[in-house]
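Novice: Any chance you can model this:
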Amino acid sequence: MTKELKKSIKKIVAEIQENSLDKQWLSEFSMSKRERYHSTDPSKIYFIKKGSLLVSKTITSSAILDVPGINNMIYEIFAESELVALENISDEKIGLTFELVALDETSIISIDKEYLLNYCTNKPSFMETLLKYVTLKNLQYEEQSLAFLGSREQRLSWSIVHQKQNSGVGMNNRILSKLSSVDESFASRNIKKITKFMKIN
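Specialist: Below you'll find the predicted structure:
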(Lines give C-alpha, C1' and ligand atoms only; values in the text may rest on other atoms or scores of the structure.)
Protein backbone atom coordinates (compact mmCIF):
# COMPACT_ATOMS: atom_id res chain seq x y z
CA MET A 1 0.00 0.00 0.00
CA THR A 2 1.50 3.33 -1.07
CA LYS A 3 2.14 6.15 1.41
CA GLU A 4 0.02 8.49 -0.69
CA LEU A 5 -2.98 6.14 -0.58
CA LYS A 6 -2.64 5.65 3.17
CA LYS A 7 -2.49 9.41 3.59
CA SER A 8 -5.70 9.77 1.54
CA ILE A 9 -7.49 7.10 3.60
CA LYS A 10 -6.38 8.85 6.79
CA LYS A 11 -7.80 12.15 5.46
CA ILE A 12 -11.17 10.50 4.70
CA VAL A 13 -11.45 8.97 8.17
CA ALA A 14 -10.46 12.26 9.85
CA GLU A 15 -13.24 14.10 8.00
CA ILE A 16 -15.98 11.57 8.62
CA GLN A 17 -14.92 11.38 12.28
CA GLU A 18 -15.18 15.16 12.59
CA ASN A 19 -18.68 15.11 11.11
CA SER A 20 -20.01 12.04 12.89
CA LEU A 21 -22.95 12.82 15.15
CA ASP A 22 -23.66 9.35 16.47
CA LYS A 23 -21.47 6.77 18.23
CA GLN A 24 -23.23 4.09 16.19
CA TRP A 25 -21.73 5.65 13.07
CA LEU A 26 -18.20 5.92 14.35
CA SER A 27 -16.38 5.14 17.59
CA GLU A 28 -12.78 4.80 18.72
CA PHE A 29 -11.20 2.22 21.03
CA SER A 30 -7.72 1.14 22.11
CA MET A 31 -6.08 -2.28 22.31
CA SER A 32 -3.03 -3.13 24.37
CA LYS A 33 -0.34 -5.42 22.98
CA ARG A 34 -1.58 -9.02 22.47
CA GLU A 35 -5.16 -7.99 23.25
CA ARG A 36 -7.80 -9.69 21.08
CA TYR A 37 -10.96 -8.27 19.56
CA HIS A 38 -13.55 -10.55 17.99
CA SER A 39 -15.95 -9.21 15.35
CA THR A 40 -18.85 -10.85 13.54
CA ASP A 41 -20.67 -7.56 12.84
CA PRO A 42 -21.10 -7.25 9.05
CA SER A 43 -21.87 -3.53 9.33
CA LYS A 44 -18.45 -2.49 10.67
CA ILE A 45 -15.17 -1.52 9.03
CA TYR A 46 -12.07 -0.78 11.12
CA PHE A 47 -9.44 1.89 10.54
CA ILE A 48 -6.06 1.56 12.27
CA LYS A 49 -5.30 5.01 13.61
CA LYS A 50 -2.12 3.84 15.35
CA GLY A 51 -0.30 0.53 15.72
CA SER A 52 -0.64 -2.77 13.86
CA LEU A 53 -2.75 -5.92 13.92
CA LEU A 54 -2.54 -9.59 13.08
CA VAL A 55 -6.00 -10.32 11.67
CA SER A 56 -7.46 -13.76 11.12
CA LYS A 57 -10.48 -14.08 8.83
CA THR A 58 -12.64 -17.18 9.10
CA ILE A 59 -14.88 -17.83 6.12
CA THR A 60 -18.09 -19.76 6.76
CA SER A 61 -19.85 -19.11 3.45
CA SER A 62 -22.12 -21.88 2.15
CA ALA A 63 -20.35 -21.40 -1.20
CA ILE A 64 -17.16 -22.87 0.28
CA LEU A 65 -16.97 -26.59 0.87
CA ASP A 66 -16.29 -27.68 4.44
CA VAL A 67 -13.49 -30.13 3.72
CA PRO A 68 -12.04 -31.98 6.74
CA GLY A 69 -8.42 -31.01 7.38
CA ILE A 70 -8.67 -27.80 5.35
CA ASN A 71 -8.18 -24.62 7.37
CA ASN A 72 -10.57 -21.87 6.26
CA MET A 73 -8.74 -19.25 8.34
CA ILE A 74 -6.73 -16.55 6.54
CA TYR A 75 -4.10 -14.47 8.32
CA GLU A 76 -3.04 -10.96 7.34
CA ILE A 77 -1.06 -8.08 8.83
CA PHE A 78 -2.58 -4.61 8.87
CA ALA A 79 -0.58 -1.49 9.75
CA GLU A 80 -1.34 2.15 10.52
CA SER A 81 -3.81 3.91 8.17
CA GLU A 82 -5.15 0.66 6.72
CA LEU A 83 -8.74 -0.60 6.68
CA VAL A 84 -9.74 -3.95 8.18
CA ALA A 85 -12.89 -5.91 7.26
CA LEU A 86 -13.45 -3.94 4.07
CA GLU A 87 -15.17 -7.08 2.75
CA ASN A 88 -18.16 -6.00 4.85
CA ILE A 89 -18.94 -3.31 2.26
CA SER A 90 -20.51 -6.10 0.22
CA ASP A 91 -24.12 -6.92 1.02
CA GLU A 92 -23.46 -10.54 0.14
CA LYS A 93 -23.82 -12.90 3.10
CA ILE A 94 -20.25 -14.14 2.98
CA GLY A 95 -20.12 -15.16 6.64
CA LEU A 96 -16.82 -13.63 7.76
CA THR A 97 -15.52 -13.63 11.31
CA PHE A 98 -12.59 -11.39 12.18
CA GLU A 99 -10.23 -11.72 15.12
CA LEU A 100 -7.93 -8.74 15.63
CA VAL A 101 -4.77 -9.23 17.70
CA ALA A 102 -2.77 -6.12 18.58
CA LEU A 103 0.95 -6.47 17.80
CA ASP A 104 1.64 -3.30 19.81
CA GLU A 105 -0.35 -0.50 21.44
CA THR A 106 -3.08 0.08 18.88
CA SER A 107 -5.85 2.62 18.37
CA ILE A 108 -8.80 1.66 16.15
CA ILE A 109 -11.74 3.56 14.72
CA SER A 110 -14.86 1.50 14.10
CA ILE A 111 -16.90 2.86 11.17
CA ASP A 112 -20.44 1.98 10.16
CA LYS A 113 -20.25 0.91 6.50
CA GLU A 114 -23.46 2.71 5.50
CA TYR A 115 -22.17 5.94 7.00
CA LEU A 116 -18.88 5.54 5.12
CA LEU A 117 -20.55 4.73 1.79
CA ASN A 118 -23.10 7.54 2.10
CA TYR A 119 -20.33 10.00 2.85
CA CYS A 120 -18.28 8.79 -0.12
CA THR A 121 -21.34 9.09 -2.39
CA ASN A 122 -21.34 12.82 -1.71
CA LYS A 123 -17.57 13.03 -2.14
CA PRO A 124 -16.54 11.43 -5.47
CA SER A 125 -12.83 11.89 -4.66
CA PHE A 126 -13.35 9.83 -1.48
CA MET A 127 -15.11 7.07 -3.43
CA GLU A 128 -12.25 7.05 -5.93
CA THR A 129 -9.74 6.63 -3.11
CA LEU A 130 -11.76 3.78 -1.63
CA LEU A 131 -11.92 2.02 -5.01
CA LYS A 132 -8.14 2.40 -5.42
CA TYR A 133 -7.66 0.83 -2.00
CA VAL A 134 -9.95 -2.10 -2.83
CA THR A 135 -8.25 -2.62 -6.20
CA LEU A 136 -4.77 -2.73 -4.67
CA LYS A 137 -5.97 -5.17 -2.02
CA ASN A 138 -7.46 -7.43 -4.69
CA LEU A 139 -4.19 -7.38 -6.62
CA GLN A 140 -2.34 -8.29 -3.44
CA TYR A 141 -4.69 -11.25 -2.83
CA GLU A 142 -4.25 -12.43 -6.43
CA GLU A 143 -0.48 -12.30 -6.04
CA GLN A 144 -0.74 -14.19 -2.76
CA SER A 145 -2.97 -16.88 -4.26
CA LEU A 146 -0.36 -17.51 -6.99
CA ALA A 147 2.44 -17.68 -4.41
CA PHE A 148 0.42 -20.13 -2.31
CA LEU A 149 0.16 -22.53 -5.23
CA GLY A 150 3.90 -23.11 -4.78
CA SER A 151 6.00 -24.87 -2.18
CA ARG A 152 6.27 -24.06 1.52
CA GLU A 153 9.52 -22.19 0.76
CA GLN A 154 7.76 -20.06 -1.84
CA ARG A 155 4.91 -19.24 0.54
CA LEU A 156 7.33 -18.27 3.29
CA SER A 157 9.44 -16.19 0.86
CA TRP A 158 6.37 -14.31 -0.35
CA SER A 159 5.28 -13.52 3.21
CA ILE A 160 8.73 -12.22 4.17
CA VAL A 161 9.01 -10.00 1.08
CA HIS A 162 5.44 -8.74 1.29
CA GLN A 163 5.67 -7.74 4.94
CA LYS A 164 8.98 -5.94 4.46
CA GLN A 165 7.64 -4.01 1.48
CA ASN A 166 4.21 -3.15 2.81
CA SER A 167 3.73 -3.12 6.55
CA GLY A 168 7.17 -2.58 8.04
CA VAL A 169 5.92 -4.54 11.06
CA GLY A 170 8.53 -6.66 12.79
CA MET A 171 7.87 -10.35 12.21
CA ASN A 172 8.61 -13.33 14.44
CA ASN A 173 8.53 -17.02 13.52
CA ARG A 174 5.03 -17.55 14.90
CA ILE A 175 3.48 -14.73 12.88
CA LEU A 176 5.33 -15.62 9.67
CA SER A 177 4.25 -19.25 9.98
CA LYS A 178 0.60 -18.17 10.23
CA LEU A 179 0.88 -15.79 7.28
CA SER A 180 2.59 -18.46 5.17
CA SER A 181 0.41 -21.39 6.25
CA VAL A 182 3.43 -23.42 7.33
CA ASP A 183 4.28 -24.89 10.71
CA GLU A 184 6.36 -22.76 13.06
CA SER A 185 9.29 -25.20 13.16
CA PHE A 186 9.59 -25.02 9.36
CA ALA A 187 9.55 -21.21 9.47
CA SER A 188 12.19 -21.21 12.20
CA ARG A 189 14.50 -23.50 10.20
CA ASN A 190 14.19 -21.62 6.91
CA ILE A 191 13.76 -17.89 7.58
CA LYS A 192 17.49 -17.16 7.84
CA LYS A 193 18.27 -19.23 4.73
CA ILE A 194 15.55 -17.50 2.67
CA THR A 195 16.51 -14.02 3.92
CA LYS A 196 20.18 -14.66 3.11
CA PHE A 197 19.29 -15.88 -0.39
CA MET A 198 17.19 -12.73 -0.98
CA LYS A 199 20.11 -10.49 0.00
CA ILE A 200 22.44 -12.28 -2.41
CA ASN A 201 19.98 -11.94 -5.27
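
Novice: so what's the residue most central in space within the chain up against?
Specialist: Centre of the chain computed as the mean C-alpha position; nearest residue by Cα atoms, centre = their mean is Phe78, 4.3 Å away. By Cβ atoms under 8 Å, 6 or more residues apart in numbering, the residues touching Phe78 are 48, 52-53, 55, 84, 167. C-betas here are computed from N, CA, C, even on glycine.

Novice: The top helix by length along the chain - contacts with which helices or strands?
Specialist: Using DSSP state H, we find that the single longest helix of the chain is helix 124-147. Contacts defined by 3 or more Cβ pairs under 8 Å, 6 or more residues apart in numbering; DSSP states H and E place helix 124-147 against helix 3-18, helix 113-121, helix 152-166.

Novice: What values do phi and psi take at the residue nearest to the centre of the chain?
Specialist: phi -120, psi 140 (degrees, to the nearest 10).

Novice: Name the nearest residue to it, ignoring sequence neighbours.
Specialist: Of all residues not flanking Phe78 in the chain, Leu53 sits nearest, at 4.8 Å (Cβ to Cβ, 6 or more residues apart in numbering).

Novice: any idea how far the one you found is from Ile175?
Specialist: To Ile175, Leu53 is 11 Å away according to Cβ to Cβ, to the nearest Å.

Novice: Overlap in contacts, the two.
Specialist: Common neighbours of Leu53 and Ile175 are listed as 77, 103 (criterion: Cβ under 8 Å, 6+ apart).

Novice: which one of the two has more residues nearby?
Specialist: Counted by other Cβ atoms under 10 Å, Leu53 and Ile175 do not tie: Leu53 has more neighbours, with 27 against 20.

Novice: For that one, give me its contacts.
Specialist: With contacts defined as Cβ under 8 Å, 6+ apart, Leu53 is in contact with 31, 77-78, 84, 100-103, 106, 108.

Novice: nearest to Val13, of these?
Specialist: Distance ranking of those against Val13, using Cβ to Cβ, places Ile108 first at 10.8 Å.

Novice: quick one on the thing from earlier: next one: the residue nearest to the centre of the chain from Met1, what distance?
Specialist: 10 Å.

Novice: Give me the common contacts of these two.
Specialist: Counting by Cβ under 8 Å, 6+ apart, no residue touches both Phe78 and Met1.
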